[in-house]
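A.B. asks: Need coordinates for the following:
(4 chains)
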There are 2 protein chains.
Amino acid sequence: MTASRALRGAPDVSRENIDKVERAARETGYVGNPLATAFSNSKSNLIGVVVPSLNNIVFAEVMSGIAQGIDGSGLKPMFGVTDYDPVKEFELIKSLLSWNPAGLILTGLDQSEETRDLLSVAAVPVVQIMDTDGDALGAAIGFSHFQAGREMAQALIARGRRRFGYVGCGLANDLRAGRRLEGFKSALDAAGLALVAMRHDPEHSSTEAGRRITAEILHAHPDLDCIYYSNDDVALGGVFSCLAQGIAVGDALLLAGFNGLEMTRTLPVRIATTITPRRQIGFAAGRYLVEAKQGAPMRPNHKTVLPTVLSLP
Amino acid sequence: MTASRALRGAPDVSRENIDKVERAARETGYVGNPLATAFSNSKSNLIGVVVPSLNNIVFAEVMSGIAQGIDGSGLKPMFGVTDYDPVKEFELIKSLLSWNPAGLILTGLDQSEETRDLLSVAAVPVVQIMDTDGDALGAAIGFSHFQAGREMAQALIARGRRRFGYVGCGLANDLRAGRRLEGFKSALDAAGLALVAMRHDPEHSSTEAGRRITAEILHAHPDLDCIYYSNDDVALGGVFSCLAQGIAVGDALLLAGFNGLEMTRTLPVRIATTITPRRQIGFAAGRYLVEAKQGAPMRPNHKTVLPTVLSLP
DNA sequence: ACTGGTATCGATACCGTTACCGATACCAGT
DNA sequence: ACTGGTATCGGTAACGGTATCGATACCAGT
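C.D. replies: I've put the predicted structure just below:
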């Protein structure tokens, strides 16, 4: 017991014994067994990270931020991919919870009823990242996608754009993209405008789809002066389509994406985009769980809205 | 004990008791405690995944493949990021090993001596992914970067290119990029050629750096007819630089990248690239550990070379 | 000398599961 | 009836820590 206390830095151990134990541990190459500790405490230093996809640089950056946020804390991240499937998400969270993790990082606020019940029973700190439109289970760290869509539309209208198209790509259950579109449309509506054309492709390959659909929508509606895309990957396809066809992007036709991928700043033409704080979101989520582990009070239903930045040509 | 055996599908349980136990488990909502199991067995169903970076879509895709490969097996991946730092890698692997994982997936074959010692002591299945140039600790699944560089150079020479430049970007300890360059140079050498110009930038932001350095190298060496890049991200910067300056890519100047990112196929100009089987590598690594868990024999020092595909304009 | 308080220490039990091994039941063969 | 084999079952200990709590030592105050 004295050794256990000494190595953990627990109180009630004399200076002398702390030194003795540390020396002995060093000499024998002793390393603790986190499995035994976790088993004994019914509480592990694992955290669960649940993302919908890893085919997109966005969630990789978030995970990179998480890794940074928990660095040095002793927490170890486990991850799982849901493919935007609520049932998979439920199963995944259930299996992560069985490890008695020190916390969970989930994507979005749209977990199923079943999942919410599961989480409310388990006394585990939960962070929901990327989104703040809705009711949070635990802490929510992200931004409003509705607002992001709205602000983009307002800025584009302020730049004199009037004939808007929308090009989406990806699974229909990417609810956050849906909310951006809703926000976008609400701002158009407020200005007495409406989408002139809208295309959606469930295809996975987003840049390729963006290129193809952009060509289609412009063929059908050559008078569009702005296209809003579900994200930058799709928008890049739009840029390439225009470049290939010799359409002057940014002038007659303005393209707007979402995420603020580095590449949008390096293109030979400028596009509009919303720069999202992905790494910071991951970092903050990681920090939150570190603090929770160290006994910081939970913040159920507390939303941390990180700023997004509009980048306009 | 009978219940434990029944739930695990172990032998020596009567049909009748299996049914009884399963019914009781369902009725009481019993779920096993993986921590206790792992503790009791000194063997967890966790696997460790160690990647150098998550700022690049490449490793995200690998992790996506891993997640797919282990799906349904009960294995759960833990991940860590080394930032290309061998010391961090050592510490990370040490801490992952303390969880008695069912396996480890490491990136590359260039672990430090200390790390190799650590792994040879631990009786844990190891898969080293992405690279097959060197000595494998366990199973190696990937391809030869040297060979990839060489094949690209040979193909470019066959297309009549003669005045080659190289533009690299990223940390100096990205050894795989270094080996591609070595392979590239060896093929040039074999053809009696040599690099006319070579630039390297340790900067992180690869597309932006690619754009800048391409402009520089072309300013200094306007007579280059081909530029080889450390990867597609950098090459895309090169494409954007040329597009911005009105240089005809693919004609007077051929650009060659590496990885075969989807975007290289969607650009308004074609570039050369080596399509790498990233997802398959992750998938195969995951499968290997699943099979190891199920008792398949280890394949120490066994290399699985997956094919890369040259994509040329 | 006695009391009460504080600092430190360590024996014991327990966390939930599984390895191990002995017990039991039943059957076929003699 | 007895033996040996097979199928099944469950008691016990063990995995490596930590919570708990009683024991001990020492000191100050009376």
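A.B. asks: make it CA atoms for all contacts and neighbour counts henceforth
C.D. replies: OK.
A.B. asks: quick one, what contacts the residue nearest to A:Ser120 when sequence neighbours are not counted?
C.D. replies: In space, and not counting its chain neighbours, A:Ser120 is closest to A:Leu137: 7.8 Å by Cα to Cα, 6 or more residues apart in numbering or on different chains. If you count contacts by Cα atoms under 8 Å, 6 or more residues apart in numbering or on different chains, A:Leu137 has them with A:Leu109, A:Arg116, A:Ser120, A:Val126, A:Val127, A:Gln128, A:Pro300, A:Asn301.
A.B. asks: and chain A, what are its domains?
C.D. replies: Chain A breaks down into these domains under automatic domain parsing: A:1-32, A:46-143+A:279-306, A:145-275.
A.B. asks: quick one, which of those domains is nearest to B:Ala235?
C.D. replies: When the domains of chain A are compared by Cα to Cα, domain A:145-275 sits nearest B:Ala235, at 11.7 Å.
A.B. asks: quick one: A:Gly165 is in a helix?
C.D. replies: No. Counting by DSSP: H, G, I helix; E, B strand; the rest coil, one finds A:Gly165 to be strand, located in no helix.
A.B. asks: looking at the sheet around it, what are its partners?
C.D. replies: Beta-bridge pairing for A:Gly165 (DSSP bridges): A:Ala197, A:Ile227.
A.B. asks: pretty sure it contacts A:Ile227?
C.D. replies: Yes. A:Gly165 lies in contact with A:Ile227 (Cα atoms under 8 Å); the separation is 4.5 Å.
A.B. asks: So between those two, which is more surrounded?
C.D. replies: More crowded of A:Gly165 and A:Ile227, by other Cα atoms under 10 Å in any protein chain shown: A:Ile227, with 28 against 23.
A.B. asks: Was I right to think that one contacts A:Leu255?
C.D. replies: Yes. With contact defined as Cα under 8 Å, A:Ile227 reaches A:Leu255; the gap is 5.0 Å.
A.B. asks: Buried ones in stretch A:148-166, by neighbour count?
C.D. replies: For stretch A:148-166, a neighbour-count test (16 or more other Cα atoms under 10 Å in any protein chain shown) marks A:148-157, A:161-166 as buried.
A.B. asks: Pull the distance from that stretch to the chain's centre.
C.D. replies: Put simply, stretch A:148-166 sits 24 Å off its chain's centre (Cα atoms, centre = their mean, to the nearest Å).
A.B. asks: Break down the stretch 51-200 of chain A into its helices, ranges please.
C.D. replies: Under the criterion DSSP state H, counting those that start in this stretch, helices of the stretch 51-200 of chain A are mapped to A:57-69, A:86-97, A:113-121, A:145-158, A:175-190.
A.B. asks: For the third one, enumerate the helices and strands it packs against.
C.D. replies: Read that as helix A:113-121. Applying 3 or more Cα pairs under 8 Å, 6 or more residues apart in numbering or on different chains; DSSP states H and E, one finds that helix A:113-121 makes contact with helix A:86-97.
A.B. asks: So what angle separates the directions of the helix it packs on and helix A:113-121?
C.D. replies: Relative orientation of helix A:86-97 versus helix A:113-121 (axes from the mean of the first three to the mean of the last three Cα atoms, to 10 degrees): 20 degrees.
A.B. asks: about what we covered before: rebuild the helices of the stretch 51-200 of chain A as a markdown table, extending it with mean pLDDT.
C.D. replies: A markdown table is the format used below for the helices of the stretch 51-200 of chain A (pLDDT from 0 to 100):
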| stretch | mean pLDDT |
| --- | --- |
| helix A:57-69 | 97 |
| helix A:86-97 | 97 |
| helix A:113-121 | 95 |
| helix A:145-158 | 98 |
| helix A:175-190 | 96 |
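A.B. asks: so which of those comes closest to B:Asn45?
C.D. replies: Within the helices of the stretch 51-200 of chain A, the stretch nearest B:Asn45 is helix A:86-97; the backing value is 11.6 Å (Cα to Cα).
A.B. asks: Please export the C-alpha coordinates of the closest one as CSV.
C.D. replies: Output of helix A:86-97 as CSV, limited to C-alpha atoms (Å, rounded to 0.1, in the frame of the first residue of the first chain):
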residue,chain,number,x,y,z
PRO,A,86,-27.1,6.0,-35.7
VAL,A,87,-27.3,2.3,-34.9
LYS,A,88,-23.6,1.8,-35.4
GLU,A,89,-23.1,4.9,-33.2
PHE,A,90,-25.2,3.3,-30.4
GLU,A,91,-23.4,0.0,-30.6
LEU,A,92,-20.1,1.8,-30.6
ILE,A,93,-20.8,3.9,-27.6
LYS,A,94,-22.2,1.0,-25.7
SER,A,95,-19.0,-1.0,-26.3
LEU,A,96,-16.8,2.0,-25.4
LEU,A,97,-18.8,2.6,-22.2
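A.B. asks: How about residues contacting it?
C.D. replies: Helix A:86-97 is contacted from outside by A:Gly48, A:Val50, A:Gly80, A:Val81, A:Thr82, A:Gln111, A:Ser112, A:Glu114, A:Thr115, A:Leu118, A:Ala122, using Cα under 8 Å, 6+ apart.
A.B. asks: make it 10 Å
C.D. replies: A:46-52, A:78-83, A:103-107, A:110-116, A:118-119, A:122-124, A:173, B:31, B:33-34, B:74, B:76 (Cα atoms under 10 Å, 6 or more residues apart in numbering or on different chains).
A.B. asks: That helix: which residues count as buried?
C.D. replies: Quick answer for helix A:86-97 (16+ other Cα under 10 Å): A:Pro86, A:Glu89, A:Phe90, A:Leu92, A:Ile93, A:Lys94, A:Ser95, A:Leu96, A:Leu97.
A.B. asks: With adjacent residues omitted, what lies nearest to the residue of the stretch 51-200 of chain A found nearest chain B?
C.D. replies: Nearest to chain B in the stretch 51-200 of chain A, going by Cα to the nearest Cα, is A:Met78, at a distance of 4.1 Å. In space, and not counting its chain neighbours, A:Met78 is closest to B:Met78: 4.1 Å by Cα to Cα, 6+ apart.
A.B. asks: cool, and A:Glu114?
C.D. replies: Nearest residue to A:Glu114 in three dimensions, chain neighbours excluded: A:Phe90, at 7.4 Å (Cα to Cα, 6+ apart).
A.B. asks: mind checking how far the spatially most central residue of chain A is from DNA strand C?
C.D. replies: A centroid search over chain A (Cα atoms, centre = their mean) returns A:Met130, at 3.9 Å, as the residue closest to the centre. Plainly put, A:Met130 is 34 Å away from DNA strand C if you go by Cα to the nearest atom of the strand, to the nearest Å.
A.B. asks: from the contacts of A:Leu137, which is closest to DNA strand D?
C.D. replies: Closest approach to DNA strand D among those (Cα to the nearest atom of the strand): A:Val126, at 21.9 Å.
A.B. asks: Report the contact partners of the closest one.
C.D. replies: Going by Cα under 10 Å, 6+ apart, A:Val126 touches A:47-48, A:102-106, A:119-120, A:136-140, A:285, A:288-289, A:292, A:298-301.
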